[in-house]
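[1] next come a sequence and a model predicted from it.
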Amino acid sequence: MLRIIDARTGEPVDAAPARRGLTRVVAHAPGSDTSALRVLLVADLLVRTLELGGTPVWALLTGEREQAELRAGAADLGIRPFEDSRDVSAGLGEAQVIQVAGKGVAVPEGVRVEVAQVDVEPSAGPAAGPGPFVGADPAALRLALVSRERGTPLRLDAEALGDAEETLARWRRAVAGWARKPSRPVPDEVRVQLRDAWEDDLNVPEVLRLLRSVETSDLPDGARFETYAYADRLLGLELTRDLGSPL
């Protein structure tokens, strides 16, 4: 069960307190800069984690300005579409409401998940979404944005993007190679560690650390492939994209 820190109280709460009860995730992302994209990305990760646990989710996006640009940038990052909150007149009897927003952004009642801003260095590209990051794989930008805890300000520069691109390329090559070997199930211990990480206040940096450990482990290649494919259901990095391509 996912437990998330409520920024209003500093205490952990169940993201889905009722069994199979609907959870509404609302992303408050005014504007379309990279900080707004980080807010929407955290909301996307919340939705994915809840769905992996079997919780029905209703995902909404607020914001009066630059929504078209924000949605285009979000699509580039592999963020699944959110409904426009302006088209919603009432709730659906949800058991929990989670408000995802940047620091200082006013939100209605509900669990508040706070996301720190992104400081984009000029060498990395303008702060207006993934499109202007010329030459960067959008999935690498996604990886760079989730590499630190959501409450920690993120400095995005050419080095950070380069490291993310290198890691992503290496993992995709490895996954494509492992896929050529006989399949093996995700080891129970590894599966539990991954779920414990993402269900503990959405600790994505720990998920990434576990993947790095699996990468250099002595697990069978088939098990490493299934582990990465399983984790990617949360991460959304298209780690299996290069299957069947020449190594």
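    Good, I have the coordinates. Residues are numbered from 1 along each chain as shown.
[2] is the residue nearest the centre of the chain in a helix, a strand, or coil?
    Taking Cα atoms, centre = their mean, the centroid of the chain lies closest to residue 45, which sits 3.6 Å from it. Three-state assignment for residue 45 (DSSP: H, G, I helix; E, B strand; the rest coil): helix.
[3] just the pLDDT for it.
    Residue 45 is assigned a pLDDT of 97 by the prediction.
[4] gap between it and residue 56?
    Plainly put, residue 45 is 17 Å away from residue 56 if you go by Cβ to Cβ, to the nearest Å. (Glycine included, C-beta is placed from N, CA and C.)
[5] need phi/psi at the closest residue to residue 54 other than its chain neighbours.
    Of all residues not flanking residue 54 in the chain, residue 20 sits nearest, at 7.0 Å (Cβ to Cβ, 6 or more residues apart in numbering). Taking degrees, to the nearest 10, you get phi 60, psi 10 for the backbone angles of residue 20.
[6] does the residue of the chain most remote from its centre count as helix, strand or coil?
    In the chain, counting by Cα atoms, centre = their mean, residue 182 sits farthest out from the average C-alpha position, at 29.5 Å. Look at residue 182: counting by three-state DSSP, its state is coil.
[7] before we move on, the earlier item: and the gap between the residue nearest to the centre of the chain and residue 162?
    23 Å.
[8] buried ones in whatever helix or strand residue 169 lives in?
    Secondary structure from DSSP states H and E places residue 169 in helix 158-178. Buried residues in helix 158-178, counted by 16 or more other Cβ atoms under 10 Å: 160, 161, 164, 165, 167, 168, 171, 172, 174, 175, 176, 178.
[9] quick one: residues in contact with that helix.
    Contacts to helix 158-178, defined as Cβ atoms under 8 Å, 6 or more residues apart in numbering, come from residues 121, 123-124, 133, 136-137, 139-141, 143-144, 147, 211, 215, 221-222, 224-225, 228-229, 237-245, 247.
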